[in-house]
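In: predicted structure and sequence below. I'll ask about it afterward.
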2 protein chains.
Amino acid sequence: MSILVVGSVALDSVETPSGRIENALGGSATYFSVAASFFTREIKLVGIVGDDFPQEHIDFLLSRGIDLTGLERVSGKTFYWSGRYGDNLNVAETLSTELNVFEEFAPKLPESYRNVKRVFLANINPELQMDVLRQMKDVELAVCDTMNLWISERKAKLLETIKHVDVFVLNDAEARQLTGESNLNKAAKMVLNYGPSRVIIKKGEHGSVTFSKTSCFSSPAYPLENIVDPTGAGDTFAGGFLGYLASTQAFENPRVRGDQSKKVLGASAPRGDLSESNVRKAIVYGTVLASFNVEDFSLNRQRSLTRAEIESRFAEMRAITEF
Amino acid sequence: MSILVVGSVALDSVETPSGRIENALGGSATYFSVAASFFTREIKLVGIVGDDFPQEHIDFLLSRGIDLTGLERVSGKTFYWSGRYGDNLNVAETLSTELNVFEEFAPKLPESYRNVKRVFLANINPELQMDVLRQMKDVELAVCDTMNLWISERKAKLLETIKHVDVFVLNDAEARQLTGESNLNKAAKMVLNYGPSRVIIKKGEHGSVTFSKTSCFSSPAYPLENIVDPTGAGDTFAGGFLGYLASTQAFENPRVRGDQSKKVLGASAPRGDLSESNVRKAIVYGTVLASFNVEDFSLNRQRSLTRAEIESRFAEMRAITEF
């Protein structure tokens, strides 16, 4: 099952207590796509880079099976972010944000992207997120992220956009900022009232909590002892989440779902499995992917990561939560 | 199986965003004992109160089956604490601490207490905690709590005491303060190197994480939407934890444990069940008890709490963590 992702492709300079890296591969769409690529090779990226964007990064993304038909390459400089983390690795201090070619980014979906049914609207202006949804023909699952900037500067537009998404992913500080409510469980319920059928609140080292109208699921973070660089953890989480979901199908008997038009008794129709139990597994896979991401700068850990390592850590997540 | 608890019995005045209460029942030994009393009626308390301590509180503790032989009543005023919580309910601001009769507290175990095998050393001076251990004849399970004051003022004595305890319970800020390490997972491993076979780090709204040399268990907090007063949550957690453990037994075949002196083939010997899986259940029961405690001021919620409510919330904890 294909996934569309719209977001930034960037060059980052990051300093953490473990060291620093300059002009490394970054961007929300990048982190998302590479994480999802461990589960599916049907990822279609929409983004923009300047003519300074190194070919080796293009080659790396292509090697992960990511469709770059929707990656515009224009003259100018690529989106550049530089930031610093202190001992509290949950909070980044932005040193500079140079939007460059990203400033004029107006996502335009190639024709071959418009029938994709699942989309991740990474952290961009909520008006652009809405534009993307309008260009899609038949959305089955829209997942949306945001950031403090849009909550303070474009709140009305953001609230309009999330009316149209199924899953809203944000962090604890953003949930509190958006709702004005300090209790996260209450904040989550308020967010559900804005429209999404599910909200996932990311809590950094404390894992995540997700609510639908009828369920609550709490997942810890994987207990890492050494975190090198938290950049991209949230988008990697979303990539693992949607990537895993795209790789799983529920074989349902159409009769069970009351669809009497299909007369093939006993036949099964493959569908995306969006059951509560599969969504929970997807959240844990997202958590696992994020835990690998923060073990090295940029996307370096992902370059050697194997599916066997992912499965092993998934099993550990079960072992540390079962009682 | 009996449990000994040594700690404060106090009168508290507390202000939170939900309201305020004056001179209410409080104290670490009180919260611990009442929580444990939902699982066992064999709790022996050691503490001290002044002659101002209301008889109704004595009657309440006795009604919970708590043995008060070790509760000294002396002339003077009872330990008094007053504090305030703002919107961040994880942090209390102490307005005043009046030690009063607690200042001269030197725990002396009645003869009937000395054979008890399990003990909770609530947050008191680590030298007094050590004194209590010395007065016990045959300790099978010693659990110890502490606070920032002892870490800054009595660190050497605290490190000496925790060499002799099995389970060390502390909160995330205390773990960071004690070890100087900001990564909690690394801090936990450092604490294990100080001596205890298990460390439980309480993280308030984020639940708890526990480590032994060979295991890690992460439990969320119960997702409450309204927290009235967090006072006593940590001691209530410990009470639920040790109370549940005291109520469960492992029936082991002595031969399995290699004890060939017992020739009764196939016989089972009842023992306290300190298996990893039972310890995890105990942590979740502790979490559940703490969640009820914070729903009202002082120990008010516990006055109407039933075992059925506890079991129902325990089942919910499973439902929100399973995947």
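Out: All right, it came through fine. Residues are numbered from 1 along each chain as shown, chains lettered A, B, ... in the order given.
In: thought residue A:203 was touching residue A:172?
Out: Yes. With contacts counted by Cβ atoms under 8 Å, residue A:203 reaches residue A:172, the gap being 4.9 Å. From N, CA and C alone the C-beta is placed, and that goes for glycine too.
In: got any residues that touch both of those two?
Out: residue A:184 (Cβ atoms under 8 Å, 6 or more residues apart in numbering or on different chains).
In: in the stretch 101-250 of chain A, which spans are strands?
Out: A:118-121, A:141-144, A:167-171, A:198-202, A:208-212, A:216-219, A:249-252 (DSSP state E, counting those that start in this stretch).
In: contact partners of the fourth one?
Out: With Cβ under 8 Å, 6+ apart as the test, strand A:198-202 has contacts from A:166-172, A:175, A:184, A:187-188, A:191-192, A:208-212, A:234, A:237, A:241, A:279, A:283.
In: which among those count as buried?
Out: Buried by 16 or more other Cβ atoms under 10 Å in any protein chain shown: A:166-172, A:175, A:184, A:187-188, A:191-192, A:208-212, A:234, A:237, A:241, A:279, A:283, out of the contacts of strand A:198-202.
In: filter the residues you listed by proximity to chain B?
Out: Subset of the buried ones among the contacts of strand A:198-202 in contact with chain B: A:184, A:209, A:283, counting by Cβ under 8 Å from any Cβ of the partner chain.
In: so what's the second one up against?
Out: Residues touching residue A:209, when contacts are defined by Cβ under 8 Å, 6+ apart, comprise A:184, A:185, A:188, A:200, A:201, A:203, A:216, A:217, A:218, A:219, B:220, B:223.
In: for it, which residues make a bridge with it?
Out: residue A:201, residue A:218 (DSSP bridges).
In: where does the nearest residue to residue A:120 once chain neighbours are set aside sit, in terms of helix or strand?
Out: Nearest non-adjacent residue to residue A:120, counting by Cβ to Cβ, 6 or more residues apart in numbering or on different chains: residue A:5, 4.5 Å away. In the assignment (DSSP states H and E), residue A:5 maps to strand A:3-6.
In: so which elements touch that strand?
Out: helix A:28-36, strand A:43-49, strand A:118-121, helix A:126-135, helix A:233-246 (3 or more Cβ pairs under 8 Å, 6 or more residues apart in numbering or on different chains; DSSP states H and E).
In: and with 10 Å instead?
Out: If contacts are counted by 3 or more Cβ pairs under 10 Å, 6 or more residues apart in numbering or on different chains; DSSP states H and E, strand A:3-6 sits against helix A:28-36, strand A:43-49, strand A:66-73, strand A:118-121, helix A:126-135, strand A:141-144, helix A:233-246.
In: what number of residues lie near residue A:48?
Out: Residue A:48 has 24 neighbours, counted by other Cβ atoms under 10 Å in any protein chain shown.
In: hang on, residue A:284 packs against residue A:245?
Out: No. Here residue A:284 does not reach residue A:245: they are 12.0 Å apart, not a contact under Cβ atoms under 10 Å.
In: these two - which one has more neighbours?
Out: Taking other Cβ under 10 Å, residue A:284 and residue A:245 do not tie; residue A:245 has more neighbours (28 against 24).
In: from chain B, how far off is that one?
Out: 14 Å (Cβ to the nearest Cβ, to the nearest Å).
In: over to residue A:213?
Out: 14 Å.
In: excluding sequence neighbours, find me the nearest residue to that residue.
Out: residue A:192 (6.1 Å).
In: by neighbour count, which of the contacts of residue A:209 wins?
Out: residue A:200 (29 neighbours).
In: hmm, back to that, for the contacts of residue A:209, which one is nearest residue A:32?
Out: Nearest to residue A:32 out of those is residue A:200 (Cβ to Cβ; 14.0 Å).
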